[in-house]
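Participant: What would the 3D arrangement of this be:
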Amino acid sequence: MEECRITNLYDLNETIAKDYMQTAEYPWELLEGLGDYIRQIGPNLDPEIFEQRGEDIWVAKSAKVAPTAFLGSPLIIDEEAEIRHCAFLRCPAIVGKGAVVGNSTELKNVILFNGVQVPHYNYVGDSILGCRAHMGAGSITSNVKSDKTEVVVKDGADEITTGRKKFGAMLGDGVEVGCNSVLNPGTVIGRNTSIYPVSSVRGVIPADSIYKKQDDIVKRQ
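Facilitator: Take a look at the predicted model:
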């Protein structure tokens, strides 16, 4: 499943977690140890750039954090990020440079690369979003199967057993998700792919594609 490899989904220069991302082959392998990684690097962040705002919570001084936002632990918010009113960061989470976490958006066990936007009523759980990925208003990652069984990543006849019961979506760099879409457990979307609004997405979606519906995926011209 070449499409699912970290090296094919992400520009690792676009995240503070570059070293961590280089320790695995597939991105979902990094979800288990994310909290420990944040606790490891947090104390070593440049105090000229970051300030500690609680136990295992580090926020860049240039970031904008609304007073009504909830910041859980462990957490890193990088430079120039914007955390808007009533955002719920229950963590662990890394929010990249210039990223936007919008009103009433909830994060849980995620890495947002630089420039990611989840700006309006989004739920992003057990997921990794690549540089400048954008989720339209109301779009969510569904991170648990209805039968609570282990998530399997499927690409046609090929399958990878993940060993996880909680797994949302892996979005490559530049992915655009239309409003009110649901990314089902185990979804992997290749770089620069667009998802039509009000879609239900599952499995591996190729890079540089336009997803209209499950049986109508076209190559971007």
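Participant: how would you label the residue at the greatest distance from the centre of the chain: helix, strand or coil?
Facilitator: The outermost residue of the chain relative to its centre, with distances by CA atoms, centre = their mean, is residue 48 at 27.0 Å. Following DSSP: H, G, I helix; E, B strand; the rest coil, residue 48 is assigned to coil.
Participant: Next: residue 7.
Facilitator: helix.
Participant: ditto for residue 40
Facilitator: For residue 40, the assignment made with three-state DSSP gives helix.
Participant: Kindly report the same for the one 3 residues further on.
Facilitator: Recorded secondary structure, residue 43: helix (three-state DSSP).
Participant: That one - how many residues pack around it?
Facilitator: For residue 43, the number of neighbouring residues by other CB atoms under 10 Å comes to 10. For the C-beta atoms, the positions are set from N, CA and C on the backbone; glycine is no exception.
Participant: While we're on it, how confident is the model there?
Facilitator: Residue 43 is assigned 97 on the pLDDT scale.
Participant: For residue 30, see how far away it is.
Facilitator: Counting by CB to CB, to the nearest Å, the separation of residue 43 from residue 30 is 20 Å.
Participant: what's near enough to touch residue 92?
Facilitator: Going by CB atoms under 8 Å, 6 or more residues apart in numbering, residue 92 touches 34, 35, 38, 72, 73, 74, 75, 109.
Participant: Looking at the residues you listed, which is nearest residue 54?
Facilitator: Set against residue 54, the nearest of the contacts of residue 92 by CB to CB is residue 73 (6.2 Å).
Participant: Is it correct that the closest one is in contact with residue 53?
Facilitator: No - counting by CB atoms under 8 Å, residue 73 stays clear of residue 53, with 9.6 Å between them.
Participant: Settle this for me: residue 84 is touching residue 99, isn't it.
Facilitator: No - the criterion here is CB under 8 Å, and residue 84 misses it with residue 99 at 11.2 Å.
Participant: More neighbours: which of these two?
Facilitator: Set residue 84 next to residue 99 and count neighbours by other CB under 10 Å: residue 99 wins out with 27 against 18.
Participant: ok, that one touching residue 115?
Facilitator: Yes - judged on CB under 8 Å, residue 99 makes contact with residue 115 at a distance of 6.3 Å.
Participant: tell me, how many neighbours does the nearest residue to residue 12 once chain neighbours are set aside end up with?
Facilitator: Leaving aside its sequence neighbours, residue 12 sits nearest to residue 18 (CB to CB, 6 or more residues apart in numbering; 4.6 Å). Neighbours of residue 18 under the rule other CB under 10 Å: 13.
Participant: how much space between residue 18 and residue 178?
Facilitator: For residue 18, the distance to residue 178 - CB to CB - is 29 Å.
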